[in-house]
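[1] sequence and predicted structure are below.
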Protein chains: 2
Amino acid sequence: MRKRRETKKTGRRAGSARPERSPAQGEDYEAVFRDFLQEKGLKLTRERKVILEEVFRHDDHFDIDEFYLKIKQKGLKVSRASIYRTLPLLLECGLVDEVKTTERQAFYEHIHGRRHHDHLVCLSCGKVIEFYSPAIERLQEEICRRRRFKSLRHVLEIQGHCKDCASA
Amino acid sequence: MRKRRETKKTGRRAGSARPERSPAQGEDYEAVFRDFLQEKGLKLTRERKVILEEVFRHDDHFDIDEFYLKIKQKGLKVSRASIYRTLPLLLECGLVDEVKTTERQAFYEHIHGRRHHDHLVCLSCGKVIEFYSPAIERLQEEICRRRRFKSLRHVLEIQGHCKDCASA
DNA sequence: ATTGCTATTGAGACTTAATCTCAATTTCAT
DNA sequence: ATGAAATTGAGATTAAGTCTCAATAGCAAT
């Protein structure tokens, strides 16, 4: 008996609800995924296609549960298990980025054709603000080089209150 | 029926097992905690003392489960619930730092009298390497200022392979 | 198109970190 | 010493994520 979406969405994670992106622009992500799968001897199934499409329809951060519900609402059928199995693949082939927040859940966002970026997370309203600092990136590389640490990815998240919530 | 410590400790989180710190130096953390509790109308119980002492005996990162077992081994009796309840207090009064890793668990470390720092986490052996970059700190402040974001804390974690694991 | 091997799926059981419950106990200001 | 209020612990509960396995679907070769 799943009991999700209970305490969730109570005003949090409202964010700047951007409109969904039209699926027309940039179809190439499917090719990227297809190639990746083929190389690993995996199959491009109906479910994986649905998930891929849906990921690229979101232009915002999303969590898996929200994502599952959205797919369900559209009448498409993909199980939670498949989503949990497919997202790591999308991560692995670089189409999706994973953001671990301090809360228990992880959030995802597609990154194909987007720059890597980090996040400011408002602890009051849940808004996620993106930023990118080439200087910070460079410093991180420097730190890794000095310690002969082979960096694969990083998470930089600054938590606090956004200007709207700070004044209130 | 708790079934913990099952898949854990299989070589991971080995880290640089520093010797435990003698409890003699820097007793003041107890005063800090006591004052904090008093201010909030909370009580300094036996359990909280045990937890505090144990936290400051560790000079390394630790997770709650490991921590619970260590206390138990010493014959001291503190329930898991109390640990889960006390650590947030230690966090709140600034005696302890929480490090969310990409794995599901959180790790903790005491920070009283220590500088804030960030982490390199080795995905193979689990080792946690600390670093501190004033330049990065400054850049972060700059980013927040520009967006009128009131920063409370941040997490910067670079994941990859440490020099030992990268060569293997 | 058919075949056959293999990857994949979905429903639901399972795992596990973390939280909650509540009666019994402890702290501490008075 | 006393009593109001906070705290504790054992165990139930929650919820994210993983696993199982029989049924199904992709796809390369024919």
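    Structure received.
[2] which parts of chain A sit against chain B?
    A:98, A:100, A:102, A:104, A:120, A:122-123, A:129, A:131, A:133, A:135-136, A:139-140, A:143-144, A:147-163, A:166 (CB under 8 Å from any CB of the partner chain). All C-beta atoms are positioned from the backbone trio N, CA, C, and that covers glycine.
[3] again, only using 6 Å
    Residues of chain A lying close to chain B by CB under 6 Å from any CB of the partner chain are A:100, A:102, A:120, A:131, A:133, A:135-136, A:139, A:143, A:148-163, A:166.
[4] and the residue of chain A most remote from its centre, its phi and psi?
    When distances are taken from the C-alpha mean of chain A, A:Arg146 lies farthest, 30.3 Å away, according to CA atoms, centre = their mean. With angles defined as degrees, to the nearest 10, A:Arg146 sits at phi -60, psi -30.
[5] quick one on the thing from earlier: inside helices: which ones of the residues of chain A next to chain B?
    Residues of these located in helices (DSSP state H): A:135-136, A:139, A:143, A:163, A:166.
[6] domains in chain A, as residue ranges please.
    A:1-114, A:115-168 (automatic domain parsing).
[7] that older thread, what's the PyMOL line that selects buried ones from the ones in helices among the residues of chain A next to chain B?
    Those of these that count as buried under 16 or more other CB atoms under 10 Å in any protein chain shown are selected in PyMOL with:
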select buried, chain A and resi 136+139+143
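[8] of all the ones in helices among the residues of chain A next to chain B, which comes closest to DNA strand D?
    A:Ile136 (26.2 Å; CB to the nearest atom of the strand).
[9] now do the contacts for the closest one.
    By CB atoms under 6 Å, 6 or more residues apart in numbering or on different chains, the contact set of A:Ile136 is B:136, B:139.
[10] out of the ones in helices among the residues of chain A next to chain B, who's nearest A:His116?
    Proximity of these to A:His116 (CB to CB) peaks at A:Ile136, which lies at 11.0 Å.
[11] now A:Gly41, what's its secondary structure?
    Here A:Gly41 is recorded as coil under DSSP: H, G, I helix; E, B strand; the rest coil.
[12] before we move on, what about A:Val50?
    Applying three-state DSSP: A:Val50 is helix.
[13] one step back: which of the domains of chain A sits closest to DNA strand D?
    domain A:1-114 (3.7 Å).
[14] tell me where the longest strand sits in chain A.
    Longest strand in chain A by number of residues, with DSSP state E as the criterion: strand A:150-161.
[15] ok, A:Gly126 to A:Asp59 distance?
    17 Å (CB to CB, to the nearest Å).
[16] any weak-confidence spans in chain A?
    For chain A, applying pLDDT under 70 flags the ranges A:1-27, A:99-115, A:134.
[17] ok, now with 80
    Under the criterion pLDDT under 80, the flagged ranges of chain A are A:1-27, A:58-61, A:94, A:97-116, A:126, A:133-135, A:138, A:146, A:166-168.
[18] all strands for it, in order.
    Under DSSP E, chain A gives strands at A:96-100, A:106-110, A:118-122, A:128-131, A:150-161.
[19] winner for burial among these?
    strand A:118-122 (a mean of 22; mean count of other CB atoms under 10 Å in any protein chain shown).
[20] that one pairs with which strands?
    Strand pairing for strand A:118-122, using DSSP bridges, gives strand A:128-131 (antiparallel), strand A:150-161 (parallel).
[21] closest one to DNA strand C among the ones you listed?
    Of the strands paired with strand A:118-122, the one closest to DNA strand C (CB to the nearest atom of the strand) turns out to be strand A:150-161, at 15.8 Å.
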